[in-house]
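>>> curious how this folds, go ahead:
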Amino acid sequence: MAPDEESVRAALAGVIDPELGADIVELGMVRGVAVAADGAVTVEVALTVAGCPLRTQLRTDVETRLRALPGVRRVEVAMGEMTAAERNAVMDKARRRAQEQRALAVDVPVSARVLAVSSGKGGVGKSSVTVNLALALARRGLVVGLLDADIWGFSVPRLLGMRGELRAEAKKIVPVEQPVGEGLLKVVSMGFLAEEDKAIMWRGLILNRAVQQFLEDVRWGQLHYLLIDMPPGTGDIQMGLARMLPRTEVLVVTTPPLASQKVAARAADMARKGHLRVAGVVENMGPFVCEHGTSYALFGEGGGARLAAELGVPLVGTVPLHPDMAAAGDAGAPVALGTGPLARSFEDLARRIVEDVSPVVEVSGCSARMLDHVEQALDAAGA
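Below is the predicted model of the structure:
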């Protein structure tokens, strides 16, 4: 049976404007919904400006979310432009949200995409995926920030083979930098401040404050992407990030087994409850391909695709199971800097991110610029 209009609008509430940090239904961007008896769904979406660079991403997110609904056979999305009155209404909603949330004043450019790499549990290789994806993006000539938000279980410096100390200039923390071809990687981690084999015995509120300081007091400078290696689970840091940096998007890492898929779905659910866009799913530890070309699904297969379909988001890519991953992490020689199937998988992930999932676009005149004006007005008013 074709879905009803209420179900369609509920699904559209999962489509987040990544700059305003709210869903398109709440923002009043959904002008109309029509559902035909044969399962054809037509949606009219009003953009802040006709030429908004985010139009392709929003269209794709709408289509992906609706096609995941049972009974939907075809999706048509009509993109229009808001009237002056509609834009004023969006500004009012953005102002109220900014007053309620008061996101941090961070040194992250408006044009930079912020990707939190998350999982519902540990042991899925989330940190390895984050580190190698960051390097693969930097190899494309981009400037990439990498924030290790796993305060208790920091591992980013070891995985990168980086040593150094965080220093301060003009009361701002300066990241440890590593050139990557024509690109640049900037890293902030507790691993540059604490001994690797000593426990950090902090409670949730202090952990959250540490992440806030890494966001608020770091001089990131020029960035194309900021990747955040999240701790596993759905705790204080995850809830705090949605408040502190509401334009964050989430990449969910899972492994093929069904149990991992179901736990990872909780990370996506928490992101959406915090009004964060779920950008896609990455499947780690996929089928192993031996030197003779035979594929072995040692942990099963299809978990990433199933989770992506369940969430209504794209499967960004699959990283195969390979012994080189663990050996490279222990040696501090990331696989993304080498050759072979693992390096190619991260190269493909980076390409999908840059070209399809979360491309860096010039957002002047679009919703991000509107939000800037709202925050400036609040600051001027002493809010």
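>>> so how far is stretch 283-292 off the chain centroid?
25 Å (Cα atoms, centre = their mean, to the nearest Å).
>>> contact partners of it?
124-126, 128-129, 253-256, 295-299, 301, 303-305, 307, 315, 317-322, 341 (Cβ atoms under 8 Å, 6 or more residues apart in numbering). In short, each C-beta sits where N, CA and C put it, glycine included.
>>> residue 11 touches residue 65, doesn't it?
Yes - under the criterion of Cβ atoms under 8 Å, residue 11 makes contact with residue 65 at 4.9 Å.
>>> so what sits against both of these two?
Here residue 11 and residue 65 have residue 312 as joint contacts, going by Cβ under 8 Å, 6+ apart.
>>> residue contacts, residue 220?
Counting by Cβ under 8 Å, 6+ apart, residue 220 has contacts 106, 107, 108, 145, 175, 186, 226.
>>> can I get those residues in CSV including secondary structure?
Conversion of the contacts of residue 220 to CSV gives the following (DSSP: H, G, I helix; E, B strand; the rest coil):
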residue, secondary structure
106, coil
107, coil
108, coil
145, strand
175, coil
186, strand
226, strand
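>>> quick check: of these, which lies closest to residue 242?
For these, the minimum distance to residue 242 (Cβ to Cβ) is 14.1 Å, reached by residue 106.
>>> which non-adjacent residue is nearest the closest one?
residue 215 (5.0 Å; Cβ to Cβ, 6 or more residues apart in numbering).
>>> what about the one you found, distance to residue 18?
As judged by Cβ to Cβ, to the nearest Å, residue 215 and residue 18 stand 17 Å apart.
>>> between those two, tell me which one has more neighbours.
residue 215 (26 against 22; other Cβ atoms under 10 Å).
>>> related to what we said a few turns ago, among the contacts of stretch 283-292, which ones are in helices?
The helices, defined by DSSP state H, take in 126, 128, 129, 303, 304, 305, 307, 341 from those.
>>> distance of the fifth one from residue 252?
Taking Cβ to Cβ as the measure, residue 304 and residue 252 are separated by 9 Å.
>>> who touches both of those two?
281, 282.
>>> let me see the contact set for the residue lying closest to residue 230 once chain neighbours are set aside.
Nearest non-adjacent residue to residue 230, counting by Cβ to Cβ, 6+ apart: residue 118, 4.5 Å away. Counting by Cβ under 8 Å, 6+ apart, residue 118 touches 126, 230, 238, 250, 251, 252, 253, 267, 271.
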